[in-house]
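Student: Provided below for reference: sequence and predicted model.
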Amino acid sequence: MDIERMLHRVGRVIGKGRVFKLMFNIFPGFRRTGAKMIKASDDFHYAKIKLPLNYKTRNYVGTIYGGSMYSCADGIYMVQLINILGKDYVVWDKSASIRFRRPGNTTLFAEFIISKEFIIKIKEEISELKEKDYTLKVELMDEKGVVYAEVEKVLYIASKEHYKEKRKVRLALQKD
């Protein structure tokens, strides 16, 4: 049995949100950021992470390492959109930036929210344009809502059919 089918079966039993959260939390690339996904909805429209200030995340001057602040936000929007949009779409992280607002001297949280209206907009635009870049933002903040960093992610989204055709052309050009 392949991993996708196994996860689908487990998701039906314990909930897709719990599987999403579990998979992120055990994935070494995410786990090593020092963050933990603490909430995830079954429809993938919502996820929340927690990034504590501790020995794993502390930098030379005693605040949260900037790399932990960025990397704890990496990949979440992409995985959410892959699961929401389904097999007819291709989603890739394309670029990212982070703006540090203040030193991370406390536990930080980030909420990844994708509205149903945004999904409708994506489907309409991809139906017409076949591919497009979308910019999504997430803020890392403390329990009181004070913002410590802003992460901006640019995601490439295309119809799977368009992407396959584009890839075929690119590969043909590389052979010449």
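Tutor: The structure has been received and is ready for your questions.
Student: how about the spatially most central residue of the chain, what does it touch?
Tutor: With distances taken as CA atoms, centre = their mean, residue 76 lies nearest the centre of the chain, 1.6 Å away. Residue 76 makes contact with 24, 37, 47, 49, 112, 138, according to CB atoms under 8 Å, 6 or more residues apart in numbering. In this view, the C-beta of every residue, glycine as well, is placed from N, C-alpha and C.
Student: Go ahead and confirm the last one touches residue 74.
Tutor: Yep, that's residue 138 we're talking about. No - taking contacts as CB atoms under 8 Å, residue 138 lies outside contact range of residue 74: 10.5 Å.
Student: Between those two, which is the more surrounded one?
Tutor: Taking other CB atoms under 10 Å, residue 138 and residue 74 do not tie; residue 138 has more neighbours (20 against 15).
Student: And residue 62, its phi and psi?
Tutor: Phi and psi for residue 62, reported as degrees, to the nearest 10, are phi 90, psi 10.
Student: and the residue lying closest to it once chain neighbours are set aside, which of the three is it?
Tutor: Leaving aside its sequence neighbours, residue 62 sits nearest to residue 105 (CB to CB, 6 or more residues apart in numbering; 7.4 Å). Under DSSP: H, G, I helix; E, B strand; the rest coil, residue 105 falls in the coil class.
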